[in-house]
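Asks: build me a model from this:
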Amino acid sequence: MLFLSLPLQAHAADSVSFSLDTKQTSVNRLVDIGVHAQSNQLFCAALFTFTFDTALLEFRGVSTPVGAKTEHHLDGNTLTVSYLCAQGTKIADNPAVFTLSFKAIATGSASIAFTVKECVKADVVFIPVGSCNAGQVTIGGTAAATEKAEKTTSVKTTAAKTKKDKQKQKKKDAQHPSSASDGEEDADALTDLGTISNVVQQEPDRLTPLIVLIVSVVAGILFLVYFIYRIKTDRKNKNGSGRRDD
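Replies: Modelled structure (predicted):
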C-alpha cells in the first residue's frame, strides 16, 4: 500500500471519525459518494475497506483532491482503498478526503459499509479510528422517468406562475380599467400588424402582382385627371383669346 513504508511512532490520543454521503439517484446514472474525515489532527494516511451491494451498484472509480493519492483493489463486493497525503490534510471541517464513483444498475436501497485501519497523521504517528458511519444510496426508476417527472414538475410550476400572474393582471386591470383597455387595443394592433407581416413574408409571389396592379390603376387615374385638367385649361385659354379678339 501507499503508506506502509512510512516509519511509525507512538499512538496519539485524538481519534478520527469517518462517514459516507447519503444520496438519491436513478437507474443508469452515476453517483459520487464522498468519504469524509473529521479530527483536529492532520490526516495523512489510512486503509479503507468498503462493502456494497453489487446487484444495485457498479463500482466505477476513485477520485482525490490535488496533493493526495489513492490505490484501490476490487474483489467482488469488497473494495479496498489505500489513501496517502504526504503533507497532511486539515479535516477539522469534515471534508471529503476522496470520492467513490458508482453506477446505479437497479432500483432499491444500497448500503455502503466500511472499516478503517492503520490511520496515520502527518507527523507519522498512528491515531485511533473513531466512528465509521455507513453511506446509503436510494435508487429510483429509470433516468428517463426521473427526467419526465422533473419536466412535469417544471411545467406545473410554470403553469401555476402563469395563473398567478394572470390573476394579478386582472386585479390590476380592475383597478385601472382605462389603462387595461388601452393595453388590449395596443395588443390587438400588434396582433394585426404581426398578421400582416406574416402574410407579406409568407406570400410574396401573390402580393407582387397585386402591388403592380394597384400602382398601375393609381397611375392611370392620375393620368386621366391630368388629361382632363389639360383639356379644361386649353378650352379656357381659347375662350379667353376669342374674347380679346372681339
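
Asks: only C-alpha atoms for contact and neighbour calcs from this point on.
Replies: OK.

Asks: in this protein, which spans are helices?
Replies: All helices of the chain, identified by DSSP state H, fall at 143-175, 177-202, 204-245.

Asks: residue 36 touches residue 43, doesn't it?
Replies: No. With contact defined as Cα atoms under 8 Å, residue 36 does not reach residue 43; the gap is 11.2 Å.

Asks: more crowded one of those two?
Replies: residue 43 (28 against 20; other Cα atoms under 10 Å).

Asks: tell me the mean pLDDT over stretch 26-38?
Replies: Stretch 26-38 carries an average pLDDT of 97.

Asks: buried ones in that stretch?
Replies: 26-28, 30-38 (16 or more other Cα atoms under 10 Å).

Asks: what number of residues lie near residue 175?
Replies: The number of residues packed around residue 175, counting by other Cα under 10 Å, is 11.

Asks: relative to residue 114, how far out is it?
Replies: 66 Å (Cα to Cα, to the nearest Å).

Asks: can I see the domain layout of the chain?
Replies: 16-143, 203-238 (automatic domain parsing).

Asks: now do the first one: distance to the chain's middle.
Replies: Distance of domain 16-143 from the chain centroid (Cα atoms, centre = their mean, to the nearest Å) equals 28 Å.

Asks: stretch 209-228 too?
Replies: With Cα atoms, centre = their mean as the basis, stretch 209-228 stands 60 Å off its chain's centre.

Asks: what's the least confident stretch among the helices of the chain?
Replies: Across the helices of the chain, helix 177-202 gives the lowest mean pLDDT, at a mean of 51.

Asks: columns distance to residue 164 on top of the domains of the chain, output as JSON lines?
Replies: Compiled in JSON lines, these are given as follows (distance: least, Cα to Cα, whole Å):
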{"stretch": "domain 16-143", "distance to residue 164": "31"}
{"stretch": "domain 203-238", "distance to residue 164": "39"}
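
Asks: please identify the most buried of the ones you listed.
Replies: A comparison of the domains of the chain by mean neighbour count, using mean count of other Cα atoms under 10 Å, puts domain 16-143 on top with a mean of 18.
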